[in-house]
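In: Coordinates only, no sequence provided:
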Ligand code: ADP
Ligand code: MG
């Protein structure tokens with residue numbers, strides 16, 4: 001993969017910087033700046049070397065919000081990156097040629113406003129590419145998408161990984177060559193999306209702890225009553241995992257009334273919404289005996305207040321980091337949980353990615369990474 005250090009001269013060079021500015025927006029304001037801040041080192045690297053920086057990203061918003069990057073421009077300005085917001089990329093040609101100086105930035109409107117982005121339309125990709133001399137990808141969290149701004153543009157101009165993308169690849173790759181004991185903690189939901197990861201790390205992890213709604217699938221496979229609990233779709237055979245010594249599942253749970261019980265004590269009307277304190281104690285002991293920890297997925301229905309286990313887990317992994325354990329965490333909901341705790345600094349590395357992280361860990365690469373080789 002080519003990186004920024006492979007670029008010899010940036011003075012006056014037009015750089016199309018694909019960032020991941022798909023941040024949550026409420027009432028027209030950005031409510032979490034994590035992803036914007038993650039792009040700052042690359043923006044600074046380019047600006048300080050005199051590049052003309054053309055920022056591009058997509059954004060998806062909740063109903064009732066406008067799908068525009070204007071709120072991101074506001075945050076960038078506040079963070080010390082003055083940007084000119086350009087609604088139509090076709091107008092950018094003129095601005096870049098006649099108004100922009102080295103070290104300055106513009107921000108293009110949400111790329112998904114144009115059909116060609118998601119379709120990876122060649123003409124659209126060529127038009128975007130024609131704005132710049134080189135392409136820099138600092139949007140690791142989108143690198144699993146074969147979209148125009150991810151895989152299309154670098155077919156026309158030389159492509160390089162930005163500092164964030166490079167850091168993601170470097171840190172997540174540590175899981176392919178882990179120090180031992182290696183503990184893999186997997187929570188959240190939708191086993192169908194996470195099963196490949198379990199299979200992948202079954203060979204290298206010393207322990208895999210499964211919590212969150214994923215544990216419900218194991219309880220069901222054991223023949224327990226799962227009541228109204230969230231289960232994954234699809235058909236998968238969990239029996240081989242159940243009999244694997246490496247795989248641990250929760251020994252107690254919290255139901256909708258916050259009652260703590262054994263997993264086989266749930267009634268037909270019951271609903272498992274978090275894992276219990278006994279289970280957290282067991283994970284805690286495993287954490288204490290580990291040298292490398294990979295964590296994805298909350299332990300409970302975090303956003304509705306069933307967050308005790310997730311918070312305890314984050315705290316314990318944070319403490320392990322300060323003892324010198326390598327700790328890598330990621331996932332959209334996992335990051336939200338960590339942000340609420342204000343624990344962003346407490347891990348060796350927090351991935352900015354959700355789906356891209358899972359796919360990278362499973363396959364070892366991503367379409368957007370391959371195009372930078
Ligand atoms: P990430 O985004 O970190 O990869 P996922 O998307 O896999 O995590 O899963 C997060 C979702 O799973 C959250 O919405 C969380 O509330 C939910 N979840 C976790 N445990 C449970 C549970 N016991 N019941 C229902 N939902 C759960
Ligand atoms: Mg998620």
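Out: Noted; the coordinates are in hand. Since the model is a prediction, treat every value here as computed from it, not as a measurement. Ligands and ions are numbered 1, 2, ... in the order given.
In: List the contacts of whichever residue of the stretch 1-150 of the chain sits closest to ligand 2.
Out: With C-beta to the ion as the measure, residue 141 is the residue of the stretch 1-150 of the chain nearest to ligand 2, at 11.7 Å. C-beta here means a position set from N, CA and C on the backbone, and glycine is covered the same way. Contact partners of residue 141, counting by C-beta atoms under 8 Å, 6 or more residues apart in numbering, are 20, 22, 35, 351-357.
In: Make TSV from those residues and add pLDDT to it.
Out: Output for the contacts of residue 141, formatted as TSV (pLDDT from 0 to 100):
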residue	pLDDT
20	97
22	94
35	89
351	92
352	86
353	91
354	88
355	90
356	95
357	94
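In: Just the pLDDT for the residue of the stretch 1-150 of the chain closest to ligand 2.
Out: We have a pLDDT of 95 for residue 141.
In: Just say helix, strand or coil for it.
Out: Assigned by DSSP: H, G, I helix; E, B strand; the rest coil, the conformation of residue 141 is helix.
In: which residues sit in contact with residue 110?
Out: With contact set as C-beta under 8 Å, 6+ apart, residue 110 has these partners: 57-59, 67-69.
In: Closest to ligand 1 out of the contacts of residue 141?
Out: residue 354 (4.8 Å; C-beta to the nearest ligand atom).
In: how far away is the nearest residue to that closest one once chain neighbours are set aside from ligand 1?
Out: Leaving out its chain neighbours, the residue that sits closest to residue 354 by C-beta to C-beta, 6 or more residues apart in numbering is residue 332, at 3.8 Å. Residue 332 sits 4 Å away from ligand 1, going by C-beta to the nearest ligand atom, to the nearest Å.
In: circling back to that earlier point, check the contacts of residue 110 for burial and list the buried ones.
Out: The neighbour-count criterion (16 or more other C-beta atoms under 10 Å) marks 57-59, 68-69 among the contacts of residue 110 as buried.
In: Mind putting those residues into CSV with secondary structure, distance to ligand 2 and pLDDT?
Out: Formatted as CSV, these follow (DSSP: H, G, I helix; E, B strand; the rest coil; distance: C-beta to the ion, whole Å; pLDDT from 0 to 100):
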residue, secondary structure, distance to ligand 2, pLDDT
57, coil, 19, 98
58, coil, 17, 98
59, coil, 17, 98
68, coil, 24, 98
69, coil, 22, 98
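In: Could you list the contact residues of the stretch 51-200 of the chain toward ligand 1?
Out: With C-beta under 6 Å from any ligand atom as the criterion, the stretch 51-200 of the chain meets ligand 1 at residues 187-190.
In: any idea how far the residue sitting furthest away from the middle of the chain is from residue 83?
Out: Within the chain, the residue lying farthest from the chain centre (C-alpha atoms, centre = their mean) is residue 98, at 37.3 Å. Shown here: residue 98 relative to residue 83, a distance of 17 Å by C-beta to C-beta, to the nearest Å.
In: ok, now which ones touch the closest residue to ligand 1 within the stretch 251-373 of the chain?
Out: Across the stretch 251-373 of the chain, no residue is closer to ligand 1 than residue 331, which sits at 2.3 Å (C-beta to the nearest ligand atom). Listed by C-beta under 8 Å, 6+ apart, the contact set of residue 331 reads 188, 296-297, 351, 354, 357-358.
In: Can you find the helix or strand in the chain with the smallest mean pLDDT?
Out: helix 332-341 (a mean of 83; mean pLDDT, DSSP states H and E).
In: what's that helix packed up against?
Out: Contacting helix 332-341 under the criterion 3 or more C-beta pairs under 8 Å, 6 or more residues apart in numbering; DSSP states H and E are the following elements: helix 308-322.
In: Is any residue of the helix it packs on near ligand 1?
Out: No. Against ligand 1, helix 308-322 shows no contacts by C-beta under 6 Å from any ligand atom, the least distance being 8.2 Å.
In: Identify all contacting residues around that helix.
Out: 185, 187, 211, 254, 274-277, 279-280, 283-284, 287-288, 290, 293, 295, 298-300, 302, 327, 329, 337-338, 341, 343, 346-348.
In: just so I have it, where are all the strands in the stretch 101-250 of the chain?
Out: 105-108, 134-137, 159-161, 182-186, 207-210, 247-248 (DSSP state E, counting those that start in this stretch).
In: Tabulate these (CSV), appending mean neighbour count and mean pLDDT.
Out: Converted to CSV, those look like this (neighbours: other C-beta atoms under 10 Å; pLDDT from 0 to 100):
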stretch, mean neighbour count, mean pLDDT
strand 105-108, 23, 98
strand 134-137, 27, 98
strand 159-161, 24, 98
strand 182-186, 25, 98
strand 207-210, 22, 98
strand 247-248, 20, 98
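In: Turn those strands into JSON lines, columns for distance to ligand 2.
Out: Listed next are these as JSON lines, based on distance: least, C-beta to the ion, whole Å:
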{"stretch": "strand 105-108", "distance to ligand 2": "26"}
{"stretch": "strand 134-137", "distance to ligand 2": "22"}
{"stretch": "strand 159-161", "distance to ligand 2": "24"}
{"stretch": "strand 182-186", "distance to ligand 2": "13"}
{"stretch": "strand 207-210", "distance to ligand 2": "16"}
{"stretch": "strand 247-248", "distance to ligand 2": "22"}
